[in-house]
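Enquirer: 3D model of this:
(one chain, ligands or ions: 2)
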Amino acid sequence: MKKTPVKIQRRNFVKGLIASSAATLAGCGQTEPPTYGNILRMGDWLTYKSHRLFLPSNSLAREYELSDISPAPAIGTTNPADPDKGGQHPEYAPEYGKLLKDGFASYGLRVAGLVERPGMYSLAALKRLPSRTQITRHTCEEGWSAIAQWTGAPLRTVLEAAGIMPNARYVQFHSYDGWGDGIDMVDALHPQTILAYGMNGRDLPVPHGAPLRLRVERQVGYKNMKFLRGIVVTEDFDDHGEFGSIQNGWSWYVGI
Ligand SMILES: Nc1nc2c(c(=O)[nH]1)N[C@H]1C(S)=C(S)[C@@H](COP(=O)(O)O)O[C@H]1N2
Ligand SMILES: [Mo]
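Expert: Ligands and ions are numbered 1, 2, ... in the order given. Alright, predicted model coming up:
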C-alpha cells in the first residue's frame, strides 16, 4: 500500500471542511451564519456555535454605576447627512438631513418582515413602551472602550408590539449611512438588547447615532448600529452583501 504524505491528507481534510460547509449552505439556502467555504471564517462560525451552545442565552453583560461613566468618542459616521462626517447614502442622506432639521419629530422606525404589524413606529410610540436603562461598557474593535448609560426600548418589547411570527430567526438592521447588519433571535430577545434613544440621561446625541441606535451588549462595538432607519425580521441569514460586515472583512458574530 502506498503511503499518502501527511501534507496531502491535511489538504484533503481542509478541502473536506470546505466542501461540507458549502454543502450545508447549498442545502439550507443560507439559513446559518456563513463560512463562505473559507477556512478563516470557520473560526467565526465555531465562536458563534460554542457561545450559543455553552453560554446561557440570558446571561447579562456587566452593568456599572453612574460614577463609572467615562468620556465616549464618536466613531465612524457622526452625521449621515454631512459628507465630511462619514457614510453617505444618495437617498438616505437627504432624508436624514430633513429629520435632523425638525429635531427628529417626524422620525419613524420602519419595522418589516416577519411581523404581524409592519409599519413605521414613531419615536413617541417607542418612548411610550416600557424602557430599560443600563450602564455598560462599549468595546470597540479598534482597542478602546468607554462606559455610558443607555436608555431605550428593549428590542424584544418592540418586536412583541409588532408581533413576532414563529419562523423569525434573525433581525436585520438598516442605517441612514447605508449599512446593513443582523443579529440572531438569542441576541434580539436578550434583556439588554435595546433600541436606545437616550445616552447619559439626555437624548441620544447626533454623533452617537440619533435618534435611535442599537445596543447589543454582548457583542463588540461595531454591531451597535447607529442612525437606525429600519429593522427587518427574517427567517434566513442575510449578509447584506457589499453593505454588510462580511464582505468588508469584519466578522458577523463578535460575541464578548
Ligand atoms: N450606522 C453606523 N453605526 C455604527 C458605526 C458607523 O460608522 N455607522 N460605527 C460603529 C463602531 S465601529 C463603533 S465603535 C460604534 C461607535 O459608537 P459611538 O460613535 O457612539 O462611540 O458605533 C458603531 N455603529
Ligand atoms: Mo468600533
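
Enquirer: excluding its backbone neighbours, what's nearest the residue in the stretch 51-200 of the chain positioned nearest to ligand 1?
Expert: Among the residues of the stretch 51-200 of the chain, Gly76 lies nearest to ligand 1; the distance is 2.2 Å by CB to the nearest ligand atom. C-beta here means a position set from N, CA and C on the backbone, and glycine is covered the same way. Distances taken as CB to CB, 6 or more residues apart in numbering place Gly86 nearest to Gly76, at 5.9 Å, with adjacent residues excluded.

Enquirer: Looks like the one you found contacts Ile75 (just checking).
Expert: No. Between Gly86 and Ile75 there is no contact under CB atoms under 8 Å: 9.5 Å.

Enquirer: Between the two, which has more neighbouring residues?
Expert: A count of neighbours by other CB atoms under 10 Å puts Gly86 above the other of Gly86 and Ile75, at 21 against 17.

Enquirer: Helices of the chain, start to end?
Expert: For the chain, helices defined by DSSP state H occupy the ranges 6-28, 39-54, 92-101, 123-128, 155-162, 185-188.

Enquirer: comparing the ones you listed, which gets the lowest mean pLDDT score?
Expert: Mean pLDDT across the helices of the chain is lowest at helix 6-28; the value there is a mean of 38.

Enquirer: residues near Thr133, how many?
Expert: The burial count for Thr133: 13, using other CB under 10 Å.

Enquirer: Equivalent analysis for the one 3 residues further on, please.
Expert: Counted with other CB under 10 Å, the neighbours of Thr136 add up to 21.

Enquirer: Thr193 too?
Expert: For Thr193, the count of nearby residues is 24 (other CB under 10 Å).

Enquirer: again, but for Arg213
Expert: That count, for Arg213 with other CB under 10 Å as the rule, works out to 22.

Enquirer: again, but for the one 10 residues further on
Expert: The criterion is other CB under 10 Å. On that basis, Lys223 has 25 neighbouring residues.

Enquirer: 9 is where my numbering starts, stick with that
Expert: Noted, 9 is the first residue going forward, which turns the last one into Lys231.

Enquirer: quick one: contacts for Gln142?
Expert: Counting by CB atoms under 8 Å, 6 or more residues apart in numbering, Gln142 touches 71, 157-158, 200, 202, 223, 225.

Enquirer: do that again at 10 Å, thanks
Expert: 68-69, 71-72, 156-160, 199-200, 202, 204, 223, 225 (CB atoms under 10 Å, 6 or more residues apart in numbering).

Enquirer: go on, Arg221?
Expert: Arg221 is in contact with 158, 160, 181, 183, 202-205, 207, 212, 232-236, counting by CB under 10 Å, 6+ apart.

Enquirer: Noted, bye for now.
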